[in-house]
Structures are given as C-alpha cells and as structure tokens.
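Enquirer: starting from these lines, generate the structure:
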Amino acid sequence: MSGPPPTINLFPQPGDPTPILAETSAINETPVLLPIRPTVRVRTLHVINGEHFSGAERVQDLLALRLPGEGFPTDFAALKPNRFGEVRQSTCRLEPMKMRGRLDFHVVGQIKQMVQRHHYQILHAHTPRSALVTAIVARSMGLPWIYHVHSPVSRDSTRVWQDRVNGWVEWFSVRSATRVIVVSPSLLPYMRARGVDANRLVCVPNGVPSSDHARRTRAIGKELQLGMVALFRSRKGTEVLLEAMANAISRGNHVRLRLIGGFETPEYEQRIRDEILRLDLLQHVDLVGFTTEVDRELAQLDAMVLPSLHGEGLPMVLLEAMAAGVPVIASHVEGASTAIEHRESGLLVEPGSVSQLADAIEEFATREIDHVQLASYAQQRHAEQFSDVAMARGVAAVYREVLEESC
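Expert: Just a heads-up that it's a prediction; the model follows:
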C-alpha cells in the first residue's frame with residue numbers, strides 16, 4: 001500500500017460500510033481495523049483470570065455474547081475460576097484451570113488439550129498472568145494469539161512491587177503476541193514504550209449495551225444521590241470521595257452516597273468502614289455490595305463518581321453510566337478523559353484532589369450545573385461511539401486480519 005491511509009470513522013456503527021482496514025486519526029496513529037461481514041466461523045479461546053467480575057471481565061463477557069454474531073464463537077479457560085463464572089451473562093463453555101500460582105504451568109498442558117479437543121484457531125489473553133500462559137501455548141501449537149490491554153498494569157495500583165512484577169510479565173509475554181489490542185487511545189503510548197511496534201498495535205474502544213433502565217430525566221431532589229460503582233480497592237480513590245463528601249456536607253449540602261460493588265479484600269472493606277465512621281458519614285453512606293444489576297442501581301442516581309487515583313483503560317462503569325443517562329464526575333486520568341468531555345458529558349477533577357471533588361459535588365447539589373443536558377449528551381455520545389456492537393466488530397476485524405496473514 002502506498003501513500004497515506006484513508007481517513008475513516010474510528011467508531012463504526014451498525015450499517016456503516018465495511019472496509020477491511022485502515023486509518024490514522026488525530027487521536028490514534030495506529031491503524032484501526034474495521035468490520036467486514038462474517039463469512040466463516042472460527043472458534044476462539046479467551047484465557048482469563050476469572051477471580052473477580054469488574055470492568056475487564058465485563059468486556060470479556062460482552063465479547064463472548066457478541067463475537068459469535070461476527071463469526072467467532074468464543075469460549076473461556078479460567079485460570080482462577082471464581083466470581084466470573086458465577087455471574088457472567090454468556091453461556092459459552094468455561095473450563096476451570098485452577099492455577100495455583102504465577103509459576104504453576106501445569107495449566108499449559110490443560111489448555112493445549114482444550115485447544116485440541118475444540119479446535120480453536122485463535123487464542124486471546126486479557127491479563128499478564130493469562131498472557132504468559134497463552135504465549136507458551138500459542139508458540140508450542142503454532143497458533144496466533146491476541147493480548148487485550150485493559151489498563152496500564154505497570155502503574156495500576158499502589159502496590160509497587162506487584163505492579164513491577166505484572167509489568168515485567170506483560171513485557172516478556174507480549175513480545176510474541178500477534179496483535180495487541182488497547183481499549184483506549186490513551187494506552188497506545190504506554191504499549192509503544194513497552195516495545196510493541198505499531199504494526200501489531202490496534203485500538204478497539206470498550207463498549208456497553210444501551211441501558212434497559214435508563215434514568216428518567218428529573219430534577220435533583222432535596223438530597224443529591226451519588227453513587228460509585230467499582231471493585232473497591234486503594235487505586236479507586238474511595239477515601240478521597242469520602243473526604244470530599246464530608247467537605248461538601250460541611251458546607252450545608254445534602255448528599256447521599258451509594259457504594260455499589262464488592263471489596264478486593266476484607267481488610268480494605270474494614271478500612272473504608274472505619275473511614276466512614278471517622279468522618280461521621282454513617283447516615284450518609286450506603287454499602288450496597290456486589291450486584292449484577294448495575295443499570296438498575298444507576299437509574300437511582302443523580303450522578304456517578306469515579307475518583308480513580310491512577311490511569312484507567314476505558315472504565316466500563318463510565319460507559320454504563322453514560323448509557324443510562326447518568327452524569328459522571330471522574331478523575332482526569334488516562335482512559336476516563338477518553339469517555340468524559342469536561343462540562344459536556346460530565347465533570348473531570350484532578351486525581352486525589354479532595355477540594356476539586358467537593359466543588360464538583362457542590363455544583364450538582366446546588367443545581368449550578370445543568371445535569372439534564374450533561375446526561376443527554378453523555379447518552380448520545382455512548383450511542384455513537386461506545387456500543388458493545390462496535391467493540392465486538394472491532395475485535396472481529398483484528399481476528400480476520402490475523403487469519404488472513406496466517407493463510
């Protein structure tokens with residue numbers, strides 16, 4: 001191919017023309033693959049952790065639901081089977097591997113047997129742990145494999161040594177990946193810095209379905225209803241949100257917060273409970289716990305808050321809030337700012353800033369901001385750019401190009 005590539009839509013929609021590939025755009029210098037109609041059915045195996053069910057797992061589940069419609073029936077091999085298998089919506093095959101540690105490679109043989117039994121032609125990994133195992137299986141069986149980057153793992157948490165180990169495992173594994181998919185343009189520089197050359201790097205933005213329980217447009221009542229949806233852990237900034245709430249309430253604002261989701265550890269749950277007591281917020285905070293009906297919870301909120309301390313991939317909870325017509329207050333970190341446009345589809349504040357977050361909460365509580373207009377634009381932006389159908393078509397296009405190269 002000679003000359004510059006044609007400019008085309010980064011976010012294809014149902015009914016769009018179906019070129020095989022193409023584009024460089026202002027936010028993505030790497031070719032982005034676009035969908036073509038499925039002509040054959042090729043079985044794919046996604047190797048996952050399976051321990052939790054949060055944003056990355058939601059992507060995995062949605063792909064399993066949507067990829068068969070693109071000609072790619074999808075199954076799972078779960079290295080740490082637990083919550084994912086219990087709450088997923090997809091009904092495809094899921095085989096538990098029960099990996100006992102990072103260096104427990106007996107699962108390699110198990111996955112190879114699974115591949116031989118069910119004739120998978122593409123392998124797809126989603127975490128550093130699963131990438132290491134998948135790289136070994138793919139190399140020994142001569143199969144293409146895809147690595148899906150959901151967040152910048154080398155700076156993903158407050159646990160420095162764990163981040164370093166995960167970063168090294170990722171760097172070592174992805175050297176043999178046929179393609180590397182990132183869920184947000186903000187992750188492209190991160191993966192380039194980790195040595196992934198541009199011809200293997202593709203951006204396929206995350207997507208979620210339209211909400212069945214979209215929030216009905218209504219005025220904010222006397223008490224502002226805030227929510228935070230997460231697998232709660234230090235990196236999510238829950239303590240910052242609680243401090244900001246206490247600050248906003250001390251100014252005379254009426255605010256209630258629902259913490260929706262489970263905790264990564266019992267110790268961290270106790271830490272948050274202690275913080276609620278210390279800040280005298282017991283009458284203002286509800287701990288809802290884990291739920292599979294996130295959209296029902298979102299429909300009860302006036303705004304959702306995601307005060308992340310570190311960069312995200314492209315947070316699924318932000319997209320789900322947008323789909324449900326719920327305005328968002330989020331930290332201005334990589335990934336979140338891809339979805340949220342400041343004062344158009346939500347508000348962005350600096351990570352870790354209690355004062356900025358308290359000010360943003362007060363803007364909603366005092367009706368200084370048009371939350372109805374924010375919600376309407378966010379819902380429109382989701383429909384145009386962040387649907388689950390577009391996400392599956394983008395992944396399917398990667399698969400097709402990989403298969404064409406292997407022929």
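Enquirer: you'd agree G167 is up against V153?
Expert: Yes. A contact is recorded between G167 and V153 when judged using Cβ atoms under 8 Å, the distance being 5.8 Å. (Glycine included, C-beta is placed from N, CA and C.)
Enquirer: what residues do those two have in common as contacts?
Expert: Listed contacts common to G167 and V153 are P128; contacts here mean Cβ atoms under 8 Å, 6 or more residues apart in numbering.
Enquirer: more neighbours, the two?
Expert: Looking at G167 and V153 with other Cβ atoms under 10 Å, you find the greater number of neighbours at V153, namely 24 against 17.
Enquirer: ok, how many other residues are close to L257?
Expert: One way to gauge burial is a neighbour count; for L257, by other Cβ under 10 Å, it gives 24.
Enquirer: wait, doesn't it sit right on G227?
Expert: Yes. In this structure, L257 is within contact of G227 by Cβ under 8 Å, at 7.0 Å.
Enquirer: list residues touching both of the two?
Expert: Common neighbours of L257 and G227, using Cβ under 8 Å, 6+ apart, are V305.
Enquirer: model confidence over the helix or strand hosting I136, on average?
Expert: Secondary structure from DSSP states H and E places I136 in helix 128-141. pLDDT averaged over helix 128-141 equals 96, rounded to a whole number.
Enquirer: measure how far that helix is from the centre of its chain, please.
Expert: Using Cα atoms, centre = their mean, to the nearest Å, we find the averaged C-alpha position of helix 128-141 to lie 22 Å away from the chain's own average C-alpha position.
Enquirer: check stretch 41-49 too.
Expert: Here the centre of stretch 41-49 is set off from its chain's centre by 18 Å, with Cα atoms, centre = their mean.
Enquirer: any buried residues in it, and which?
Expert: By neighbour count, with 16 or more other Cβ atoms under 10 Å as the criterion, the buried positions of stretch 41-49 are V42, R43, T44, L45, H46, V47, I48, N49.
Enquirer: residues in contact with it?
Expert: For stretch 41-49, the external contacting residues (Cβ under 8 Å, 6+ apart) are 57, 60, 63-64, 67, 71-80, 84, 111, 114-115, 118-127, 129-130, 133-134, 137, 399, 403.
Enquirer: now the buried members of the residues you listed.
Expert: Judged by neighbour count, with buriedness set by 16+ other Cβ under 10 Å, the buried members of the contacts of stretch 41-49 are 57, 60, 63-64, 67, 71-80, 84, 111, 114-115, 120-127, 129-130, 133-134, 137, 399.
Enquirer: hmm, who's touching the one helix or strand I276 maps to?
Expert: Taking DSSP H and E as the criterion, I276 maps to helix 266-278. By Cβ under 8 Å, 6+ apart, the residues outside helix 266-278 that reach it are F232, R233, S234, T238, E239, L242, L259, F263, L282, V285, L287.
Enquirer: once you drop chain neighbours, what's closest to the second one?
Expert: Same thing as R233. Spatial nearest neighbour of R233, excluding adjacent residues (Cβ to Cβ, 6 or more residues apart in numbering): E264 at 4.0 Å.
Enquirer: next up, the contacts around that neighbour.
Expert: Contacts of E264 were listed using Cβ under 8 Å, 6+ apart, and they are H52, L231, F232, R233.
Enquirer: could you do V333 as well?
Expert: When contacts are counted by Cβ under 8 Å, 6+ apart, V333 touches S308, L309, H310, G311, E312, P351.
Enquirer: what secondary structure does the closest residue to it other than its chain neighbours sit in?
Expert: If the residues on either side of it in the chain are set aside, V333 comes closest to G311, at 4.7 Å by Cβ to Cβ, 6+ apart. Reducing the assignment to helix, strand or coil with DSSP: H, G, I helix; E, B strand; the rest coil, the entry for G311 is coil.
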